[in-house]
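> Take a look and give me a structure for this.
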Amino acid sequence: MDLASLNAFIAIAEMGSFSLAADRLHLTQPAVSKRLATLETQLNVRLFDRLGREIGLTEAGRALLPRAYQILNVLDDTRRALTNLNGNVSGRLSLATSHHIGLHRLPPLLRTFTRRYPDVNLDIRFLDSEIAYEDVLHGRAELAVITLAPQTAAPVRAVNVWDDPLDFVVAPEHPLAQKSEISLADIAGYPAVFPGGNTFTHHIAHRLFEREGLTPNITMSTNYMETIKMMVSIGIAWSVLPRTMLDEQVVRLSLPGIQLSRQLGYITHTERTLSNAAKAFMALLGAD
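Next up, the predicted model:
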């Protein structure tokens with residue numbers, strides 16, 4: 001088995017499409033198909049079932065996928081360990097981050113890092129925090145700076161960097177903005193725009209309502225905080241936003257006795273060797 005064929009196989013399995021796999025690998029679709037055919041010939045098995053435009057892993061493909069991850073991760077780990085021996089901070093650093101953190105928290109750190117370590121090739125991917133978590137777990141990213149899950153299980157290690165208070169917000173002309181006293185039940189009666197149901201932020205806010213026996217009236221959802229803020233600012237819904245995003249476009253609602261926050265930080269894989277570049281970036285983030 002050659003590495004190019006294994007990478008093609010993983011890309012097809014993850015993307016569920018030859019054309020999308022080709023886009024990810026910056027190859028033509030015929031080149032991706034050829035690499036997969038080479039791998040299937042070498043192993044003497046069919047790895048995908050093809051039903052029209054739909055593709056799915058065969059039993060052999062499902063058996064190979066975790067082993068393919070393991071093979072590539074061991075090679076990457078070996079490469080980093082050997083590169084670290086010279087003590088230089090150089091090479092490639094694959095970094096995943098959420099759009100919100102990438103826009104509002106990381107710019108000064110990235111500026112400092114690139115000036116201090118010009119020999120590092122930063123490969124930054126902007127992803128939902130939940131997808132970035134999977135990227136670290138499967139070795140597609142060495143380090144991810146994200147909204148941390150309420151609980152993180154081995155082999156992923158999470159380190160808190162920022163406490164990120166969350167506030168209930170509406171447009172200045174929204175009926176809730178005119179009330180002197182507001183309860184969670186009052187808010188639940190109005191339409192809301194929330195982060196997607198798969199996000200850590202959604203779960204944090206939704207659990208607050210569940211504890212009070214309430215169900216928020218979520219009429220829209222999006223994973224982009226800037227989009228949520230825009231929809232709130234035009235008066236069609238309330239939402240929960242990081243306090244760092246508040247300005248004159250929205251009004252913060254004060255609910256006595258209620259405080260929401262989320263933790264922002266970074267995650268790594270405990271069973272993999274970290275590059276000198278990753279260690280240097282963690283130091284900037286305030287690693288111990």
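> Based on its surroundings, how many neighbours for the closest residue to residue 45 other than its chain neighbours?
The shortest distance from residue 45 to any non-neighbouring residue, by Cβ to Cβ, 6 or more residues apart in numbering, is to residue 60 (4.1 Å). No exception for glycine: its C-beta is placed from N, CA and C like everyone else's. Counted with other Cβ atoms under 10 Å, residues neighbouring residue 60 total 15.
> what stretches of the chain score poorly on pLDDT?
287-288 (pLDDT under 70).
> Now do the helices in it.
In the chain, the helices defined using DSSP state H lie at 3-15, 18-25, 29-43, 59-84, 99-104, 107-116, 129-137, 184-188, 200-211, 225-233, 276-285.
> just checking, what packs against the third one?
So that's helix 29-43. Applying 3 or more Cβ pairs under 8 Å, 6 or more residues apart in numbering; DSSP states H and E, we find helix 29-43 packed against helix 3-15, helix 18-25.
> With respect to burial, which of those helices scores highest?
helix 3-15 (a mean of 20; mean count of other Cβ atoms under 10 Å).
> Quick one: residues contacting the closest residue to residue 32 other than its chain neighbours.
Closest residue to residue 32 apart from its sequence neighbours, by Cβ to Cβ, 6+ apart: residue 22 at 4.6 Å. Taking Cβ atoms under 8 Å, 6 or more residues apart in numbering, we find residue 22 in contact with 28-29, 31-32.
> Just send these back as a markdown table, with distance to residue 197 and neighbour count too.
Below are those laid out as a markdown table (distance: Cβ to Cβ, whole Å; neighbours: other Cβ atoms under 10 Å):
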| residue | distance to residue 197 | neighbour count |
| --- | --- | --- |
| 28 | 37 | 11 |
| 29 | 33 | 14 |
| 31 | 37 | 14 |
| 32 | 33 | 26 |
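> count of neighbours near the closest residue to residue 245 other than its chain neighbours?
Nearest non-adjacent residue to residue 245, counting by Cβ to Cβ, 6+ apart: residue 229, 5.8 Å away. Neighbour count for residue 229, taken as other Cβ under 10 Å: 19.
> Tell me who's in contact with residue 229.
Residue 229 neighbours (Cβ under 8 Å, 6+ apart): 169, 239, 241, 245, 249-250.
> related to what we said a few turns ago, how far away is the residue nearest to residue 45 from residue 9?
Per Cβ to Cβ, to the nearest Å, residue 60 is found 11 Å from residue 9.
> So for the two, which residues contact both of them?
residue 47.
> In strands, which of the contacts of residue 229 fall?
Among these, the members falling in strands (DSSP state E) are 169, 239, 241.
> of the residues you listed, closest to residue 276?
residue 241 (37.0 Å; Cβ to Cβ).
> OK, contacts around that closest one?
Neighbours of residue 241 in contact, by Cβ under 8 Å, 6+ apart: 166-167, 169, 225, 228-229, 232, 250.
> One more pass at 7 Å, please.
Residue 241 sits next to 166-167, 169, 225, 228-229 when contact means Cβ atoms under 7 Å, 6 or more residues apart in numbering.
> Against residue 101, how distant is it?
Residue 241 is 14 Å from residue 101, by Cβ to Cβ.
> Thanks a lot, see you next time.
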